[in-house]
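Undergrad: here's my sequence, what's the structure:
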Amino acid sequence: MNLNYAIFRSEPIYTLNDLSQIGSHNKREKKAYNSNPNIKLELTKDNIEIVPLKEKYVKGFHNLVKDYEKEHNERMKNERVNKHQIALGIDKNTLEPVRYCFIKNYATLIPALELSTFHNFITMLIRQIDTLGQEQVIVINAEDDTYDISSEKVQYIDQKFNEIFESFTNFLQQEKDVFEKNNYDKSIFQGKKPFTIFIIGVDSFKNKLNADNKTKFGNLFTLGKDLGIVSFLLIDTIDKIKKIEFELWYKSEVNNNFGIYLGNGISE
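TA: Residues are numbered from 1 along each chain as shown. Okay, the predicted model is just below:
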């Protein structure tokens, strides 16, 4: 069934009055809100199907709509991705806008030759993602370069690195446990805003952790890989990236051939 407008009633229909509420919904929507101007009210009676349920209502309703729900979720994947796309610039060959979805890519590498190259680009990137309002933004700045983050919705951290590390790894572990208990069903996370984590100075962040957390550093990136609720932006200079690129978590989660390079000297 291909529906462009559907109402699923979450309570049983016992009386004619219950049934009439469904038909009158279209009329109210069209008259009061004009939100569905193409609805043909005269066809309402032909679009109602009463389905008796053999099981208890909640279970029967779930089984009745599960195929439609699956189709809907698949269709919504692209729509959700589009809402998270960020404009990064213009393609020099086609002059078309270049867009990127960070939440679709678990770990995005953003390298440059010098630390100063990052400031303006990263500042604007944080503002864009925050303005879209589709993600919870955490900025972990382990470098001396200060970022002026004016939004109260962005969690900006430039100290107490052990606290944020332990808090977020514990959170990811809890979410992973729930994920596994629900047979790896990602739909349990629907309705939750995903996290986008900026780490400015990955190597410096690791070095500012205590000895115990340093040994667990890779957990921050491996625990959330399959959950679909977090993505990382790994921002550092090329010389610092070379220090960590042979670590197991890095080789597992990061692709050096896929990222956003800032500045000149890309051939190096």
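Undergrad: the nearest residue to residue 60 once chain neighbours are set aside in helix, strand or coil?
TA: Leaving aside its chain neighbours, residue 60 sits nearest to residue 53 (3.3 Å; criterion: CB to CB, 6 or more residues apart in numbering). The C-beta positions use only the backbone N, C-alpha and C, and glycine is treated the same way. Using DSSP: H, G, I helix; E, B strand; the rest coil, the structure places residue 53 in coil.
Undergrad: give the rounded mean pLDDT of stretch 181-198.
TA: Throughout stretch 181-198, pLDDT has a mean value of 88.
Undergrad: how about the helices in this structure?
TA: 16-28, 57-83, 118-132, 161-181, 202-207, 211-215, 219-222, 238-244, 248-253 (DSSP state H).
Undergrad: state the mean pLDDT of the first one.
TA: For helix 16-28, mean pLDDT rounds to 57.
Undergrad: pretty sure residue 112 contacts residue 240?
TA: No: using CB atoms under 8 Å, residue 112 makes no contact with residue 240, being 10.4 Å away.
Undergrad: among the two, which residue is more densely surrounded?
TA: More crowded of residue 112 and residue 240, by other CB atoms under 10 Å: residue 112, with 22 against 19.
Undergrad: check contacts around the more buried one.
TA: By CB atoms under 8 Å, 6 or more residues apart in numbering, the contact set of residue 112 is 118, 237, 238, 261, 262, 263.
Undergrad: do I have it right that the fifth one meets residue 109?
TA: No: in this structure, residue 262 sits apart from residue 109 without contact. The criterion is CB under 8 Å, and the distance is 10.9 Å.
Undergrad: please consider this matter closed, and thank you.
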